[in-house]
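Novice: sequence first, predicted coordinates after that:
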Amino acid sequence: MLRFLHAADLHLDSPLKGLARYEGAPVEVMQQALRGAVENLVRLAIEREASLVVIAGDVYDGDCRDFNTPLFFSAQMQRLAAEGIHVVLISGNHDAANKMTRSLRLPPNCRTLAVDEAETVTFDDLGVAVHGQGFARADVCENLAASYPAAVKGLYNIGLLHTCATGSDRHEKYAPCSLDDLRRRQYDYWALGHVHKRDLELCIEPRVVFPGNVQGRDIGETGAKGCVIVEVDNAHNTQVEFVPLDVLRWEHVAVDLATAENEDEVLALVRERLSECWRNAEGLPTAVRVTLAGATAMHEQIAVHAERIVQEVRNPANHPGDGSLWIEKVLQRTAPRTIADDFALDGPLGELTSVIRELRHDDKALLALAEELPELRATGTLAEFRGDSAQGGDFAWLRDELAAVESLLVGHLRGEEERR
Ligand SMILES: [Mn+2]
């Protein structure tokens, strides 16, 4: 049996972005978060007795300011060396070979693959061949996978590749390739990197995996982040398991205030939703973006007392647990509620809201909708709505956005109706 870890996009010592500083912000945790996740990766490899770790690019966020970052990484790799664990890595667009002026040698258990052409490293004792090519420069736009070496017969073949694969809105289109390009190489496992959103099932046969990055860096990278443990039996059947490594989490929380009649009830609903978030984070410090949403009798009150309401949402006295939640931003997306609400299920407004609510339960339709978001933003239709970029397959995020859209639309349309 073979057990290996597949990680990518460590982005060591990149600054965490979009963090307003205010009393109680876990600044130290943030600064150390990327290193903490890499330490967790090493600990996991040792605890689970992996024989091999493959890292699919972007170990560093860019050229290092000083030698402390490469020294840190080398020390972590040395911990693996002491346990006899092999490491194979490639460079990505962020740590492309021509960018890195402050590199250090890695311990002898580490093999950094070439950047001028694809090469193969074999571990006969493990029955494994790893094929790969790093980025010589950041903007590699050719299909690297197309010229990867043929699979080695009798061994378990792993392709290590930094790529946008078939494309992702959130990532530069580097080293693109199709799933057919990958299948043609006849490897057993493709260990991809670059796309920060996890996808364990990009293809099942052969297994093609994006583990995502090891630590979320801003509110665009929500949820658990980590690496993949791969177990291979003697017949080369492959099992993958995601394991979180992050030390700080990012989450969106939409609070539907439809039922709130006063400020206490607003804050009680906020607390209820934050409690769910807190339980899901299992004790990790979590930066939360709270969206106040829904057609609510409190719409005007919230607008008038916006500054204080925002601070109450930030106020740890209104949070569950042990102070590990931290509010990144509060968005006010409520709509006014009128008597018509209770009768709104008939007529065009009712139809609109029921269509939107059906969408919530239709993943396919949600995805189709997500594809149209960039265009809607470009035309200004959604200009007032949200500055963030779309995240294709993130359904929780899409549902939150949908709730916000619903309250916006209902608010606008009801305003029109009442003017008539
Ligand atoms: Mn990258």
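Specialist: Looks like it came in fine. Residues are numbered from 1 along each chain as shown.
Novice: how about the nearest residue to the residue in the stretch 151-300 of the chain positioned nearest to the ion, chain neighbours excluded?
Specialist: Here the residue of the stretch 151-300 of the chain nearest the ion is residue 194; by CB to the ion that distance is 4.0 Å. All C-beta spots, glycine's among them, are computed from the backbone N, C-alpha and C. With CB to CB, 6 or more residues apart in numbering as the measure, residue 162 is the residue that lies nearest to residue 194, at 5.0 Å, once sequence neighbours are left out.
Novice: go on, residue 233?
Specialist: Nearest-residue entry for residue 233: residue 1, 5.9 Å, with adjacent residues in sequence omitted and distances by CB to CB, 6+ apart.
Novice: against the ion, how distant is the one you found?
Specialist: From residue 1 across to the ion, the span is 31 Å (CB to the ion, to the nearest Å).
Novice: report pLDDT for that residue.
Specialist: In this prediction, residue 1 carries a pLDDT score of 93.
Novice: tell me, how many residues neighbour it?
Specialist: Other residues within reach of residue 1, judged by other CB atoms under 10 Å, total 7.
Novice: domain-wise, how is the protein divided?
Specialist: The record assigns the chain these domain ranges, following automatic domain parsing: 2-244, 249-419.
Novice: dump the ones you listed to TSV, plus mean neighbour count.
Specialist: As requested, the domains of the chain are arranged in TSV below (neighbours: other CB atoms under 10 Å):
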stretch	mean neighbour count
domain 2-244	19
domain 249-419	17
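Novice: any idea which of those domains scores lowest on pLDDT?
Specialist: Within the domains of the chain, confidence is poorest for domain 249-419, with a mean of 80 (mean pLDDT).
Novice: around the ion, pick out the residues from the stretch 101-250 of the chain.
Specialist: The interface of the stretch 101-250 of the chain toward the ion, taken as CB under 5 Å from the ion, is made up of residue 194.
Novice: how about the helices in the stretch 101-250 of the chain?
Specialist: For the stretch 101-250 of the chain, applying DSSP state H, counting those that start in this stretch gives helices covering 179-184.
Novice: mind checking how far stretch 299-306 is from the chain centre?
Specialist: 33 Å (CA atoms, centre = their mean, to the nearest Å).
Novice: ok, residues contacting that stretch?
Specialist: 257, 263, 266, 292, 296, 309, 332, 334, 335, 336, 337, 411 (CB atoms under 8 Å, 6 or more residues apart in numbering).
Novice: and if you look at stretch 82-92?
Specialist: Against stretch 82-92 from outside (CB under 8 Å, 6+ apart): 8-9, 45-46, 50-59, 77, 80, 97, 100, 106, 109-113, 115, 121, 123, 126, 130, 132-135, 160-162, 174, 193-194.
Novice: residue contacts, the residue of the stretch 151-300 of the chain closest to the ion?
Specialist: Applying CB under 8 Å, 6+ apart to residue 194 gives the contacts 8-9, 56-58, 92-93, 162-164, 171, 174-175, 210.
Novice: if we go to 10 Å?
Specialist: 8-9, 56-58, 92-94, 135, 161-165, 168, 171-175, 210, 213 (CB atoms under 10 Å, 6 or more residues apart in numbering).
Novice: likewise for residue 175?
Specialist: Listed by CB under 10 Å, 6+ apart, the contact partners of residue 175 are 57, 92-93, 133, 135, 139-146, 161-165, 192, 194.
Novice: and the strands in the stretch 251-400 of the chain?
Specialist: 286-296, 325-336 (DSSP state E, counting those that start in this stretch).
Novice: list the pairing partners of the longest one within its sheet, with orientation.
Specialist: Each strand that strand 325-336 pairs with, and the sense of that pairing, follows from DSSP bridges: strand 286-296 (parallel).
Novice: what's the offset of the strand it pairs with from the middle of its chain?
Specialist: Using CA atoms, centre = their mean, the offset of strand 286-296 from its chain centre is 20 Å.
Novice: look up the residues forming beta bridges with residue 232.
Specialist: With DSSP bridges as the criterion, residue 232 is bridged to residue 2, residue 238.
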